[in-house]
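Trainee: model this:
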Amino acid sequence: MTDELTRRTRAWSVGLVGYGEVGRIVAEDLRALGVRVLAWDRKLAGADGAPLLEHAAAQGVRLAGSAAELARACDLVISAVTASQAVVVAEQCAPGLRAGAWFIDFNSASPGAKSQAAASIEAAGGRYVEAAVMTSIPPYRSRVPMLLGGAHAREFEPALQALGFSGSRFGDERLGIVSATKMCRSVMIKGLEAMVIESFSAARAYGVEDAVLASLAETFPGIDWERQGAYFFQRVIEHGRRRSEEMREVARTVEEAGLRPWSAAGTAERQAWVADLADRGVFGRRGEQGFARSADWRVEADRLLGAADATRKTGAKD
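Mentor: Got it, this is the predicted structure:
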């Protein structure tokens, strides 16, 4: 990477479509490098927009009125929304894209969805790159490991690294391959989260959790199941909605491979169920100190079981 490339790239205007947890982390890191940042999020105009407005003001991030307006002002657009919105956002940005502008798709979507998004961007004269983010972003921030895919991925890699994304690596020039890698990994990772929540909560209901944990420790001695269980409960309670949408894309990926996505579909349902309970305040209100922060997964399992019992008494399904 040359000093000239770094200078030119950091002179870009970068647009963030999606100003949630990921978007705000990226904005902070880009602003720390002196990069001009614009953002747009559909929540900005709603009741949930106040924290986003405050963050943007504190970071010096300019807000756009729409995805297309943002695209018109940017050399690079970063799409960081929920999986179900990945194609929609590409279609919304396309009319405003500058000729030759870059569009990188961070979203956990299926290869088919990535191909649809790419078609909109390329038809508008933009250059589409898919990114498969291979682990949780917060610990790594912009340095998170990610694989880049598509016809422009190799060319774009040095510029992305110049913007602080040092964990980014060229993956494959064929569109959809790096996303398939991410999706197949998620069958295991997100599935394990759902299985732990289901197994541990059911064990808690029967009073056999200590015996189950002891058996797991004997079979998998390298895993601290108490700590791992608490972490999985926390992550799903806080981010179950996003995870459930991702798992629906994972199920779509499995279907595109010609298989019935029994595991992926079930994981999506369990993640969505926990997200619904979180939205109802079963685990405390978001922003409160106690929300999904218990070091003991049993506290959250008891809340899940209580909610499930209340649901059964009303005759509704979990």
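
Trainee: and Asp105, what is it in contact with?
Mentor: Residues in contact with Asp105 (Cβ atoms under 8 Å, 6 or more residues apart in numbering) are 79, 86, 90, 114, 117-118, 128-131. Where C-beta positions appear, they are placed from N, C-alpha and C, glycine not excepted.

Trainee: can you check Asp48 too?
Mentor: Here Asp48 is in contact with no residue (Cβ under 8 Å, 6+ apart).

Trainee: What are the phi and psi values at it?
Mentor: The phi and psi torsions at Asp48 (degrees, to the nearest 10) take the values phi -90, psi 10.

Trainee: The one 5 residues further on now?
Mentor: Here the main-chain torsion angles of Leu53 (degrees, to the nearest 10) amount to phi -60, psi -40.

Trainee: that older thread, and the contacts of Asp105 as JSON lines, adding neighbour count?
Mentor: Formatted as JSON lines, the contacts of Asp105 follow (neighbours: other Cβ atoms under 10 Å):
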{"residue": "Ser79", "neighbour count": "29"}
{"residue": "Ala86", "neighbour count": "27"}
{"residue": "Ala90", "neighbour count": "29"}
{"residue": "Lys114", "neighbour count": "28"}
{"residue": "Ala117", "neighbour count": "26"}
{"residue": "Ala118", "neighbour count": "25"}
{"residue": "Tyr128", "neighbour count": "27"}
{"residue": "Val129", "neighbour count": "28"}
{"residue": "Glu130", "neighbour count": "33"}
{"residue": "Ala131", "neighbour count": "29"}
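
Trainee: which of those residues lies closest to Glu155?
Mentor: Val129 (8.8 Å; Cβ to Cβ).

Trainee: That closest one is in contact with Trp102, isn't it?
Mentor: Yes - with contact defined as Cβ atoms under 8 Å, Val129 counts as touching Trp102 (6.8 Å).

Trainee: Within the helices and strands, which one has Val37?
Mentor: Assigned by DSSP states H and E, Val37 belongs to strand 36-40.

Trainee: which residues sit against that strand?
Mentor: Contacts for strand 36-40 (Cβ under 8 Å, 6+ apart): 12-17, 19, 23, 27, 30-31, 52, 56, 59-67, 69-70, 73-74.

Trainee: what are the pairing partners of that strand, and which direction each?
Mentor: Strand pairing for strand 36-40, using DSSP bridges, gives strand 13-17 (parallel), strand 62-63 (parallel).

Trainee: which one of those lies closest to Ile177?
Mentor: Closest approach to Ile177 among those (Cβ to Cβ): strand 13-17, 23.6 Å.

Trainee: Ala32: how many residues sit nearby?
Mentor: 12 (other Cβ atoms under 10 Å).

Trainee: What's the per-residue pLDDT of it here?
Mentor: With respect to pLDDT, Ala32 scores 97.

Trainee: roughly how far apart are it and Ala94?
Mentor: 30 Å (Cβ to Cβ, to the nearest Å).

Trainee: With Ser66 instead?
Mentor: From Ser66 over to Ala94 the distance is 12 Å, taken as Cβ to Cβ.

Trainee: shouldn't Val274 be in contact with Ile197?
Mentor: Yes - at 6.7 Å, Val274 counts as touching Ile197 under the criterion of Cβ under 8 Å.

Trainee: the more surrounded of these two?
Mentor: When Val274 and Ile197 are compared for neighbours, Val274 comes out ahead with 29 against 24, by other Cβ under 10 Å.

Trainee: quick one: contacts for the more buried one?
Mentor: 197, 236-237, 240, 304.

Trainee: Return the distance of the helix or strand where Ala159 lies from the chain's centre.
Mentor: If you go by DSSP H and E, Ala159 is part of helix 153-162. How far helix 153-162 lies from its chain's middle: 21 Å, per Cα atoms, centre = their mean, to the nearest Å.

Trainee: List the buried residues for that helix?
Mentor: Using 16 or more other Cβ atoms under 10 Å as the test for burial, helix 153-162 gives 153, 156-157, 159-162.

Trainee: Kindly reformat the residues you listed as TSV containing pLDDT.
Mentor: Below are the buried residues of helix 153-162 laid out as TSV (pLDDT from 0 to 100):
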residue	pLDDT
Ala153	97
Phe156	97
Glu157	97
Ala159	96
Leu160	97
Gln161	96
Ala162	96
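
Trainee: Strands of this protein, start to end?
Mentor: Ranges of strands in the chain, per DSSP state E, are 13-17, 36-40, 62-63, 76-79, 102-105, 127-133, 146-149, 168-172.
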